[in-house]
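Colleague: test case, fold it:
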Amino acid sequence: MKVDKLSISFDPELGDAVRSAAAQAGKPVSSWLAEAASNKLRAQALAEFLARWQAEHGVLTAEEIARAERELGLTSADTAA
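Modeller: This is a model prediction of the structure:
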């Protein structure tokens, strides 16, 4: 598999936290960071999509958001009211 190697720098506390999180997840730091970057890019794409959708169709109501959460299995006992 082709890979793109990057060199990155962190402040020491963040670097320690990243190494610790990767170790807890049982992953190499590069894999953990790649997954985090992928998740961030997906979240940004979703936010951009929702902004465009709401600009065209109006803001989602609390009821619509709750329905989507239920259908996606995202509701928990903590958030259900």
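Colleague: looking at this structure, which helix or strand is least sure?
Modeller: Ranking every helix and strand in the chain by mean pLDDT, DSSP states H and E puts helix 62-72 at the bottom, with a mean of 93.
Colleague: and that one, how far from the chain's centre?
Modeller: Centre-to-centre, helix 62-72 and its host chain are 19 Å apart (CA atoms, centre = their mean, to the nearest Å).
Colleague: what of stretch 58-70?
Modeller: For stretch 58-70 - counting by CA atoms, centre = their mean - the centre lies 19 Å from the chain centre.
Colleague: give me the residues contacting that stretch.
Modeller: In this structure, residues lying in contact with stretch 58-70 by CB atoms under 8 Å, 6 or more residues apart in numbering are 50, 54, 74, 75, 79. Any C-beta I mention is one placed from the backbone N, CA and C, and that applies to glycine too.
Colleague: turn those into TSV, columns for secondary structure, pLDDT and distance to residue 17.
Modeller: Putting the contacts of stretch 58-70 into TSV (DSSP: H, G, I helix; E, B strand; the rest coil; pLDDT from 0 to 100; distance: CB to CB, whole Å) gives the following:
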residue	secondary structure	pLDDT	distance to residue 17
50	helix	93	29
54	helix	95	34
74	coil	89	26
75	coil	77	30
79	coil	48	27
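Colleague: that older thread, in the least confident helix or strand of the chain, what counts as buried?
Modeller: Neighbour-count burial for helix 62-72 flags residue 66 (criterion: 16 or more other CB atoms under 10 Å).
Colleague: just stretch 18-27 next, same as before
Modeller: Within stretch 18-27, the residues scored as buried using 16+ other CB under 10 Å are 18, 22.
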